[in-house]
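*Asks:* here's a sequence, model it:
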Amino acid sequence: MRVVAIIVFAAAALVGGCRSGSAAGSFQSAPCPVQNIAGVPSANLGPEFSCGYLTVPENRSVPNGRTIRILVVRAKAATATPKPDPIVFLHGGPGGIASLEAPGIVAGGMNAERDVIFVNQRSGLHDEPHLACPELDAFDAHAVELVYQDPATAALDGAAVAACRNRLAATGANLLAFGTLADAADFADLRVALGIEQWNVYGVSYGAYLAQQLARDHPEGIRKLILDSVLPPTVNIVEKWWEAPASGFKAIFKACADQPACAAVYPNLEAVFNTTVNKLARTPAHVTVTGASGKRIQVTIDGFKLVPLIMDWTANDKVVDIPRMIYNIAYGDGTMAAGAIAVAAEKPADQQGLLGAGLALDAYCQDMANWTTPQQALAHAKMAMPALPDSVLQIAPTGSYMFHECAAWDTNRSDPITRTPAVSGTPTLILSGTFDSKTSPSWISESTRGLRNSVVVHIPGAGHAVLPRSKCGQSIMSSFVNNPTARVDTSCVAQVAIPQFTVPASR
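*Replies:* This next block holds a predicted model:
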């Protein structure tokens, strides 16, 4: 059930030659991967892209120790007279795959006037090593038919991580060396290795968190910051995660109430949602659906499984079906929800184990879970969504038993500096979607206190990761990056329409 934001689109771009880097890193051109991801030809990098590898120490505190190689993809600017300061794209996740997002981001026009650089952060797909956990994909496939709130499911989640850790440890990789601070240092080394004097840093979700770490610890060469769906360093997301769906869902419920058709067909949506979650927590629904392959799939829908499903839908075209899905299952029809949940059971074998689990688990565990307790996290969750049962709230809302996973991963705490804010006068644009259910807009003030030259823009009806899906957000970013000051044209916000929720044609 875990939700991993991997955006797969189609599109275009290009990269430069080999330059020697700093003492800590070097860059070497190389052919792009023949297949970006097996079975998804639209994600492949065509001749308009060029690639290479950044080589850096696995552990910078060990002189002459192991090195790792990190895939770098560069999209050439569409204009014949590009600006000299490229954009570097810090993807979400953690552990997501920038090279998969590259075609769609370029199709959206981010490279109109500048080169855009995408980096598969350490431990990611096409990196050496790629620290993946297909065991977690197998767990997710099995969990489709399980009661997710059951303690036995938590044990299976932890066991999957333990099996992955044991397998990866046997390769000799230092599994403690793939956290956020090392990740930020890689980007600082990359700028030097590519000979870039200044660049503009765009970060989304975990990438926005990473961008703030980069601005704090390696501010050299950063011309402008763009933070999309921001997680501040001072917010422990494992502890306060439920604040995000609390605010995002409330915005969805209000939007439905504000649309006469939705309000008429789906009245009191928040109360119906809360009642349904509690009912399913007590008595899960069992639904059989036909998967894309024609296989019959048994799906168990408990109270928890609705949460990551709605979170996922708030960030894509399915947002318009959220009220209908909630009401359908409230009145006994779980087909729509079950069909979406069942997708995890049919993930092709060659599309499993894509997530860079080394970075993901190091970041979540070192930076977050190891600084709090299950009791503290549950207390915060109950304050955020008091109408939901503890059995639901004890799970990370994206779908992980985080404390079980981190106990199995067996890592330490990060350096305390990871929890300190970025203090900077660098011109900063912060984009936030009002439907965002994965990072809460209420956290933004934690970032703006230190980013004293910042502009915050809320895009109505947008979900998590504003830029790929919002033309207004793209226009605002373009205006911001091109303007030598922090001024930005936000006039398009007033023209953004909230998505119209679907209702039965007969009503």
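
*Asks:* name the helices or strands packed onto the helix or strand bottoming out on mean pLDDT in the chain?
*Replies:* Between all helices and strands in the chain, the lowest mean by mean pLDDT, DSSP states H and E belongs to helix 98-107, at a mean of 92. Applying 3 or more C-beta pairs under 8 Å, 6 or more residues apart in numbering; DSSP states H and E, one finds that helix 98-107 contacts strand 67-75, strand 87-90, strand 116-119. In this view, the C-beta of every residue, glycine as well, is placed from N, C-alpha and C.

*Asks:* got a markdown table for these, with distance to L269, mean pLDDT and mean neighbour count too?
*Replies:* Converted to a markdown table, these look like this (distance: least, C-beta to C-beta, whole Å; pLDDT from 0 to 100; neighbours: other C-beta atoms under 10 Å):
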| stretch | distance to L269 | mean pLDDT | mean neighbour count |
| --- | --- | --- | --- |
| strand 67-75 | 41 | 97 | 23 |
| strand 87-90 | 35 | 98 | 26 |
| strand 116-119 | 38 | 97 | 26 |
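
*Asks:* Y148 is nearest to which of these?
*Replies:* strand 87-90 (30.8 Å; C-beta to C-beta).

*Asks:* residues touching that closest one, excluding its own?
*Replies:* Residues from elsewhere that reach strand 87-90, judged by C-beta atoms under 8 Å, 6 or more residues apart in numbering: 98, 101-102, 105, 110-111, 114-119, 121, 187, 190-191, 199-204, 207-208, 210-211, 214, 481.

*Asks:* dump the residue contacts of Q298.
*Replies:* Shown in contact with Q298 (C-beta under 8 Å, 6+ apart): V144, E145, H286, V287, T288.

*Asks:* switch the cut-off to 7 Å
*Replies:* By C-beta atoms under 7 Å, 6 or more residues apart in numbering, Q298 lies in contact with E145, H286, T288.

*Asks:* follow-up on the earlier one: alpha carbons only: can I get the least confident helix or strand of the chain in CSV?
*Replies:* This file holds the C-alpha atoms of helix 98-107, laid out as CSV (Å, rounded to 0.1, in the frame of the first residue of the first chain):
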residue,chain,number,x,y,z
ALA,A,98,14.5,11.5,-11.6
SER,A,99,15.3,9.9,-15.0
LEU,A,100,11.7,8.6,-15.2
GLU,A,101,10.3,12.1,-14.5
ALA,A,102,12.6,13.8,-17.0
PRO,A,103,10.5,13.2,-20.2
GLY,A,104,7.3,14.6,-18.7
ILE,A,105,9.0,17.5,-17.0
VAL,A,106,10.6,18.5,-20.3
ALA,A,107,7.3,18.1,-22.1
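
*Asks:* what angle do that helix and strand 67-75 make?
*Replies:* 10 degrees (axes from the mean of the first three to the mean of the last three C-alpha atoms, to 10 degrees).

*Asks:* which SSE is S391 in?
*Replies:* Assigned by DSSP states H and E, S391 belongs to helix 390-393.

*Asks:* do you know which of the helices and strands packed on helix 98-107 lies nearest T234?
*Replies:* Of those, the one closest to T234 (C-beta to C-beta) turns out to be strand 87-90, at 18.5 Å.

*Asks:* buried residues in the helix holding S391?
*Replies:* By neighbour count with 16 or more other C-beta atoms under 10 Å, helix 390-393 contains the buried residues S391, V392, L393.

*Asks:* now these in TSV, with distance to Q35 and pLDDT?
*Replies:* Converted to TSV, the buried residues of helix 390-393 look like this (distance: C-beta to C-beta, whole Å; pLDDT from 0 to 100):
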residue	distance to Q35	pLDDT
S391	41	97
V392	39	98
L393	40	98
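
*Asks:* of all these, which comes closest to V320?
*Replies:* V392 (24.8 Å).

*Asks:* sort out which residues of the least confident helix or strand of the chain are buried, please.
*Replies:* A98, S99, L100, E101, A102, P103, G104, I105, V106.

*Asks:* I'd like those as TSV, with distance to D150 appended.
*Replies:* What follows is the buried residues of helix 98-107, written out as TSV (distance: C-beta to C-beta, whole Å):
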residue	distance to D150
A98	36
S99	37
L100	33
E101	35
A102	39
P103	40
G104	37
I105	39
V106	44
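
*Asks:* tell me which of the residues you listed is nearest to I341?
*Replies:* Nearest to I341 out of those is L100 (C-beta to C-beta; 22.7 Å).

*Asks:* so the closest one versus S42, what's the distance?
*Replies:* Separation of L100 from S42 (C-beta to C-beta, to the nearest Å) stands at 10 Å.

*Asks:* which residues sit against the longest helix along the chain?
*Replies:* For the chain, the longest helix by residue count, based on DSSP state H, is helix 151-169. Outside helix 151-169, the residues that touch it by C-beta under 7 Å, 6+ apart are 131, 133, 135-136, 138-139, 143, 146-147, 175, 357, 361, 400-401, 404-405, 407-410.

*Asks:* just the buried ones out of these, please.
*Replies:* Buried subset of those (neighbour count, 16+ other C-beta under 10 Å): 131, 133, 135-136, 138-139, 143, 146-147, 175, 357, 361, 400-401, 404-405, 407-409.

*Asks:* out of those, which are inside helices?
*Replies:* Using DSSP H, the buried ones among the contacts of helix 151-169 in helices are E135, L136, A138, F139, A143, A357, L361, H404, E405, A407, A408, W409.

*Asks:* just flag the most distant two among those.
*Replies:* A138 and A407 (19.5 Å).

*Asks:* which pLDDT does the model give V4?
*Replies:* V4 is assigned a predicted lDDT (pLDDT) of 43.

*Asks:* show me the contacts for L269.
*Replies:* Contacts of L269 (C-beta under 7 Å, 6+ apart): F253, C256, A257, P323, I326.

*Asks:* how about those residues in CSV, adding distance to A80?
*Replies:* Putting the contacts of L269 into CSV (distance: C-beta to C-beta, whole Å) gives the following:
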residue, distance to A80
F253, 49
C256, 48
A257, 50
P323, 48
I326, 51
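
*Asks:* of the residues you listed, which pair is most distant in space?
*Replies:* Farthest-apart pair in the contacts of L269 is A257 and I326; separation 13.3 Å (C-beta to C-beta).

*Asks:* looking at the two, which is more packed in?
*Replies:* Ranked by neighbour count (other C-beta atoms under 10 Å), A257 and I326 place I326 first, with 25 against 16.

*Asks:* would you mind pulling the contact partners of the host helix or strand of the more buried one?
*Replies:* Using DSSP H and E, I326 sits in helix 322-330. The contact list for helix 322-330 (C-beta under 7 Å, 6+ apart) reads 252, 256, 262, 266, 269, 272-273, 276, 285, 301, 310, 313, 336-337, 501-502.

*Asks:* nearest to N236 among the residues you listed?
*Replies:* I310 (23.1 Å).

*Asks:* what's the burial count for the closest one?
*Replies:* The burial count for I310: 23, using other C-beta under 10 Å.

*Asks:* pretty sure it sits in a helix.
*Replies:* Yes: looking at I310 with DSSP: H, G, I helix; E, B strand; the rest coil, it is inside a helix.
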